[in-house]
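Chemist: When you get a sec, could you give me coordinates for this:
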Amino acid sequence: MPSEKKLKYLKIDRGRYYYQRRVPDQFRELLGISKWQMPCGDVSYAKAVQLVVNWAEEQDDLLAKLKTPEGYDAVEVAVLRSDDLAHQAVVERLCGTPAHLAGDQLVSGKDLPK
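Modeler: Reported below is the predicted structural model:
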């Protein structure tokens, strides 16, 4: 591996790169997750850095929106209007958390069997 600087939210597990970031406590109940964790795939370090930086910017924008009363209300309405399966899709769209269809259930990528 090339000389790799420590990059916030970039985790390496057995040679694979992941984006991992905790969800602030005040937003966990609303979003229904405690952390964002997304695999970068089988990519180079440079591509993983690019993905993580982009995902971090998206999450920063979402967190900034959630810190305003109007933004929080908009996200809350989107989540409350959805049923359980749609809730996961809304969370995925808003948060970038990968979700996959397993049978008729929408599950987080981290919950899929290996």
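
Chemist: And the next helix or strand past the longest helix along the chain?
Modeler: Looking across the chain with DSSP state H, the single longest helix is helix 45-66. Tracing the chain C-terminally past helix 45-66 and defining elements by DSSP states H and E, one meets helix 69-80 next.

Chemist: which other helices and strands contact that next one?
Modeler: Applying 3 or more Cβ pairs under 8 Å, 6 or more residues apart in numbering; DSSP states H and E, we find helix 69-80 packed against helix 25-31, helix 45-66, helix 84-95. C-betas here are computed from N, CA, C, even on glycine.

Chemist: CA atoms only for the second one, dumped as PDB, please.
Modeler: When you say that, I think you mean helix 45-66. The C-alpha trace of helix 45-66 is given here as PDB (Å, rounded to 0.1, in the frame of the first residue of the first chain):
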ATOM      1  CA  TYR A  45      -6.400   3.900  -1.800                       C
ATOM      2  CA  ALA A  46      -6.800   7.100  -3.900                       C
ATOM      3  CA  LYS A  47     -10.300   6.100  -5.000                       C
ATOM      4  CA  ALA A  48     -11.300   5.200  -1.500                       C
ATOM      5  CA  VAL A  49     -10.100   8.600  -0.300                       C
ATOM      6  CA  GLN A  50     -12.200  10.200  -3.000                       C
ATOM      7  CA  LEU A  51     -15.300   8.200  -2.000                       C
ATOM      8  CA  VAL A  52     -14.900   8.900   1.700                       C
ATOM      9  CA  VAL A  53     -14.400  12.600   1.100                       C
ATOM     10  CA  ASN A  54     -17.500  12.800  -1.000                       C
ATOM     11  CA  TRP A  55     -19.600  10.800   1.500                       C
ATOM     12  CA  ALA A  56     -18.300  12.900   4.400                       C
ATOM     13  CA  GLU A  57     -19.400  16.100   2.600                       C
ATOM     14  CA  GLU A  58     -22.800  14.600   2.000                       C
ATOM     15  CA  GLN A  59     -23.200  13.700   5.700                       C
ATOM     16  CA  ASP A  60     -21.900  17.100   6.700                       C
ATOM     17  CA  ASP A  61     -24.600  18.700   4.600                       C
ATOM     18  CA  LEU A  62     -27.300  16.400   6.100                       C
ATOM     19  CA  LEU A  63     -26.100  17.100   9.700                       C
ATOM     20  CA  ALA A  64     -26.100  20.900   9.000                       C
ATOM     21  CA  LYS A  65     -29.600  20.600   7.700                       C
ATOM     22  CA  LEU A  66     -30.700  18.600  10.700                       C
END
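
Chemist: Good, we can wrap up now.
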